[in-house]
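>>> structure of the sequence below:
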Amino acid sequence: RLPVRTLERSHPSCPCRAPRASHGGGGRLQRGTAVGRLGPDDLLQQLKKLICDLCRLYNLPQHPDVEMLDQPLPAGPHGTEEVTSEEEEEEEMGEDIEDLDHYEMKEEEPVDGKKSEDDGIEKENLAILEKIRKTQRQDHLNGAVSGSVQASDRLMKELREIYRSQSYKTGIYSVELVNDSLYEWHVKLRTVDPDSPLHSDLQVLKEKEGMDYILLNFSYKDNFPFDPPFVRVVSPVLSGGYVLGGGALCMELLTKQGWSSAYSIESVIMQINATLVKGKARVQFGANKNQYNLARAQQSYKSLVQIHEKNGECSQSLAGTSAEVSADVLVCG
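Presented below is the predicted three-dimensional model:
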């Protein structure tokens, strides 16, 4: 194949010869002109020229339809318009700016959302939430992510709702993360029904040991909220109140059969509070504190679940007091 310019030199008198595109002085391309870009009519003329040159080169007759290439193309609905290189650059820059603006807007949206999420939360608790977020981000960068994204997001939401809750703010209960872990909480039940024997026992406990709360341990798995948290009493040692050996709790809503992913953790906390009072829980003063431990609580819970699944040997006697927790509490006997 021969390039167009070679054919031009060989046959300068070709009647089909088309003019070259103008480049400006010095052979350099001028900015702001249609350089490096030919219009549709120019391309047709180049094609016609190429055909004529080839016919002449190989002594072939020219096809009559070649003359049709002299006819200009019909203009579009808005006419034809050449796009200069400068205009093209400006258009690309405009698109880049639009993309950047869109990116910045997307970055700003979570900030507004964060403000609404954090409304009603004390500064010290906001600091805890921020610390958790930074820890999670750092763990992700280090490849040491624990838990699951699904569980972490839900637990952050639960913690945020608790910090905003009036029950939390008025001191009915408190929540602390164990070793800054989002997957293990210490929950202190600080206020129970003032007319209950348990309330009186807690007053005595405060005088004797300086402790006026019931300490619960909440632990969560990666598949939370589709599986319930494991909850056990850490201290003091209690009798009654549906508390099993090791500190496990006999409550249907804490089993897979009775649990729902729609339950909030605060509702569970308030339900446990009501269950202890309803079950006439009493503090066992002088009891061996070592009898409450994780291994024994897990074994008691496992045995309880097996009995419930096999025989259903329990009576449903205590309805949930929270609108979000409608499951009945199993009285284990």
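
>>> now the strands for the stretch 101-250 of the chain?
173-177, 184-189, 214-219, 230-235, 238-239 (DSSP state E, counting those that start in this stretch).

>>> pull out the buried residues from stretch 143-155.
147, 151-152, 154-155 (16 or more other Cβ atoms under 10 Å). Heads up, the C-betas are built off the backbone N, CA and C, glycines and all.

>>> which of these lies closest to C55?
S152 (75.4 Å; Cβ to Cβ).

>>> can you pull the contacts of that closest one?
136, 182 (Cβ atoms under 8 Å, 6 or more residues apart in numbering).

>>> how close does it sit to K256?
21 Å (Cβ to Cβ, to the nearest Å).

>>> what's the answer for L198, then?
29 Å.

>>> and those two? which has more neighbours close in?
L198 (24 against 10; other Cβ atoms under 10 Å).

>>> my guess is the more buried one contacts R282, does it?
Yes - in this structure, L198 is within contact of R282 by Cβ atoms under 8 Å, at 6.6 Å.

>>> okay, the strands of the stretch 101-250 of the chain in CSV with distance to R164 next?
CSV is the format used below for these (distance: least, Cβ to Cβ, whole Å):
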stretch, distance to R164
strand 173-177, 12
strand 184-189, 16
strand 214-219, 18
strand 230-235, 22
strand 238-239, 30
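
>>> any chance of those strands in JSON lines, plus mean neighbour count, mean pLDDT and distance to A127?
What follows is the strands of the stretch 101-250 of the chain, written out as JSON lines (neighbours: other Cβ atoms under 10 Å; pLDDT from 0 to 100; distance: least, Cβ to Cβ, whole Å):
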{"stretch": "strand 173-177", "mean neighbour count": "17", "mean pLDDT": "98", "distance to A127": "12"}
{"stretch": "strand 184-189", "mean neighbour count": "19", "mean pLDDT": "98", "distance to A127": "17"}
{"stretch": "strand 214-219", "mean neighbour count": "21", "mean pLDDT": "98", "distance to A127": "21"}
{"stretch": "strand 230-235", "mean neighbour count": "21", "mean pLDDT": "98", "distance to A127": "26"}
{"stretch": "strand 238-239", "mean neighbour count": "16", "mean pLDDT": "96", "distance to A127": "34"}
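
>>> so which of these gets nearest I51?
Among the strands of the stretch 101-250 of the chain, strand 173-177 sits nearest to I51 (Cβ to Cβ), with 81.2 Å.

>>> so what strands line up beside that closest one?
In the sheet, strand 173-177 lines up against strand 184-189 (antiparallel) (DSSP bridges).

>>> run through who's touching the partner strand.
Under Cβ under 8 Å, 6+ apart, the answer for strand 184-189 is 172-178, 213-220, 234, 269, 272-273, 276.

>>> so, low pLDDT: which residues of the chain?
1-38, 73-115, 311-333 (pLDDT under 70).

>>> and the helices in it, which stretches?
Applying DSSP state H to the chain gives helices spanning 4-10, 40-57, 85-118, 123-142, 149-164, 166-169, 197-209, 265-278, 294-310.

>>> circling back to that earlier point, which residues do L198 and R282 both contact?
With Cβ under 8 Å, 6+ apart, L198 and R282 have common neighbours G241.
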